[in-house]
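# Here you go, sequence then predicted model.
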Amino acid sequence: MKKLQKTQLQPFFAALAANASLYLPVDNEVGKAEFKKWQDGVQMSTALNTLRSAKDFFFPQTENLMEFKMEGKRIDVIDTREECEDFVLFGVRACDAASFAILDRVYLVDPVDTYYKNRREHGTVVTLACGRPAETCFCGTFGIDATDPAGDVTAWELADGYALRANTEKGEALLASVAALLTDTDTAEVEAEQARVRAILARLPLSGLTTEGLGEGMTKEFFARPEWAALSEACLGCGTCTFVCPTCQCYDIRDFDTGHGIQRFRCWDSCMYSDFTKMAHGNPRTSQLERFRQRFMHKLVYFPDNNDGIFGCVGCGRCLARCPISMNIVKVMKALKKGGAEQ
Amino acid sequence: MQAMMEKRAKELLADGTVNRVLGWSAGEFPYDITPAVFETAKELEDAFVYNDFCAANLSKYLVKESRKEGKILVFLKPCDTYSFNQLLAEHRILRENIYVIGVPCYGKADVEKLKAMGIEGITGIVMQNGTYTVETVYGDQTVKAADAMAERCLSCKSKKHVVYDELLGDEGEVDADCNRFDMVEKLEAMTPDERFAFWRGELSRCIRCNACRNVCPACTCEQCVFDNPNSGVSQKAAVTSFEENLFHIIRAFHVAGRCTDCGECSRVCPQHIPLHLLNRKFIKDINEFYGDYQAGADPEAKPPLGTYDKADREAGEGGRH
């Protein structure tokens, strides 16, 4: 394990930025953290997490896929893909790091999504263990350890510096590139920090939430449950939950007429929207109840069904904080469990 | 107040005046409150809540709820009553199927403000005598309620209930000196380039979640033009377009003269874009060009943008006509 002194943080960022674009959580003009490119003088946010998730770096909200140019009856298809530049994401939390593994299960299986793969291959993820988790946090529900996040490198904030541990070859290379700023250390300080934070995690209001009774094979049990009506009743049908979610992975593909050609692009879609998965025959889900149910069934049942029991939620708590009407996956999980117990 | 509201709701359910109650339902934490329809006394006892975090404006839900079987009781805060009146004027809700109880509001709290003070890990909030004692896993903290008040409530235009069948508490009064146009004046004082930069900066954070539109009581179209892929302005747009700018500006135009300034758009924006400022600019302009007008204050009033008068100001003319 390596250690970086706090006074060396800016030189450390400068050294990383010399080799690749470095992105880290920075407070924006309204005081909320978002990932921004580091340059000299940029300070890292002290916020627990960014408002939007880190998935944007691998699966951006909108991206152009290809272009068409038309001349008479001739159509040229232009491949606009470019090799992504190397980049480093610093300060990713355990929940978001776990979301990458979920997105990989969607985009890196056959047929591989080359746009996503390109970004994944060129990105190095440095995670930062949580020191001050919030009441909305429940990553532990899904077996994620906020005190020992995944990523190419894991960092822990200590009183006088940062402990750093490489987890992958990419991570080894990253630490080797800044070796002059690091010293060797043992794991004692990290273990003490982990023990401190684990005691806090145990006291969080959602610490007792489990996935028991949810997951694989539960489609028949949950699909027609009466609870969906009350749960979805106040839903505005907006896309806030899906767009701040680190694991939401659905997209739409559309053509944009630029006036002198066509840009074929994809953009995040939301199952909460009325035109989601609209096909020639119409829309398979015509009510907000069905659309609402789709989102939670996907995360709690369908995704585990297709992915060895792994849930499609990482407990980051963004939907808990952001939903305009404060409906969210925790309320859904509790209501389904309660309804099941009463049956 | 919560106990009084619950008692009245139960009475009106029991005597058959209404068959449902539209109110607020308690959540996991003291602040994550969800609008909900209650059908029984038991449901009210289990979850009904009214406190400083009941911010949601319930009037838009009546577009759907007032078309269902039977009469529904709705609790409306003063600013919600303006939205209600506006929906009534636009024939979007069925008055005869609604029983309105006006409830007082002294400004709602914004949990984001508490969190911005570094208060995290909230497990409980005791609200008493203008003070919040916030219990957290990191220890208790005391905050003055006024310091946690939502931005929109700091410039509240009116604590008057403009429509109700019954009141719990005072009718309330309009606040003529609410300073709600202060920020609009600052924007007006900017150069066009500065103003353009301000809005491009703010709107660049937009993630097109449509929360502002979907919560807006003035946005009740059956299908929004931005949801129509054949409109040419569909919300799903390529990287290089300025679509999110267009969306907010068109929406502001569409609700101009009908927006009651309830502030829900800015409350729900996950990216904290001050969308209400666009609407307030229109309100201020309408006041200056056509005389003071408050949408929703009187459902019988003629809306300036929907009324023609030979004395109307012509394009390009300055000042009030």
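Thanks, I have it.

# can you pull the buried residues of stretch A:333-343?
Using 16 or more other Cβ atoms under 10 Å in any protein chain shown as the burial criterion, the residues of stretch A:333-343 that qualify are A:333, A:335, A:336, A:337, A:339. In short, each C-beta sits where N, CA and C put it, glycine included.

# try stretch B:110-117
Quick answer for stretch B:110-117 (16+ other Cβ under 10 Å): B:110, B:111, B:112, B:114, B:115.

# Run through those and flag the ones next to chain A.
The subset of those lying close to chain A, counting by Cβ under 8 Å from any Cβ of the partner chain, is empty.

# farthest pair in these?
B:110 and B:115 (9.2 Å; Cβ to Cβ).

# the residue most distant from the middle of chain A, which is it?
residue A:72 (44.4 Å; Cα atoms, centre = their mean).

# mind listing the strands for chain B?
If you assign secondary structure with DSSP state E, the strands in chain B sit at B:20-25, B:34-38, B:72-76, B:98-102, B:122-128, B:131-136, B:141-144, B:166-167.

# actually chain A, sorry about that
Using DSSP E, the strands of chain A run over A:2-5, A:21-27, A:33-37, A:62-71, A:74-79, A:87-92, A:123-128, A:153-157, A:161-166, A:183-184, A:251-257, A:262-268.

# Output these as TSV; include the columns mean pLDDT.
Shown next, in TSV, are the strands of chain A (pLDDT from 0 to 100):
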stretch	mean pLDDT
strand A:2-5	97
strand A:21-27	98
strand A:33-37	97
strand A:62-71	92
strand A:74-79	94
strand A:87-92	98
strand A:123-128	98
strand A:153-157	98
strand A:161-166	98
strand A:183-184	97
strand A:251-257	89
strand A:262-268	92
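
# is it possible to export the ones you listed to CSV including distance to residue A:326 and mean neighbour count?
As requested, these are arranged in CSV below (distance: least, Cβ to Cβ, whole Å; neighbours: other Cβ atoms under 10 Å in any protein chain shown):
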stretch, distance to residue A:326, mean neighbour count
strand A:2-5, 39, 19
strand A:21-27, 25, 21
strand A:33-37, 21, 18
strand A:62-71, 28, 15
strand A:74-79, 45, 10
strand A:87-92, 26, 24
strand A:123-128, 28, 24
strand A:153-157, 31, 23
strand A:161-166, 35, 20
strand A:183-184, 47, 9
strand A:251-257, 27, 15
strand A:262-268, 22, 20
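
# Just put those in TSV and tack on distance to chain B.
Shown next, in TSV, are the strands of chain A (distance: least, Cβ to the nearest Cβ, whole Å):
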stretch	distance to chain B
strand A:2-5	25
strand A:21-27	11
strand A:33-37	8
strand A:62-71	5
strand A:74-79	14
strand A:87-92	17
strand A:123-128	16
strand A:153-157	16
strand A:161-166	21
strand A:183-184	31
strand A:251-257	4
strand A:262-268	4
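
# Take those strands and write them to CSV, including distance to residue B:274.
Listed next are those as CSV, based on distance: least, Cβ to Cβ, whole Å:
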stretch, distance to residue B:274
strand A:2-5, 39
strand A:21-27, 17
strand A:33-37, 17
strand A:62-71, 24
strand A:74-79, 40
strand A:87-92, 27
strand A:123-128, 31
strand A:153-157, 33
strand A:161-166, 36
strand A:183-184, 47
strand A:251-257, 29
strand A:262-268, 24
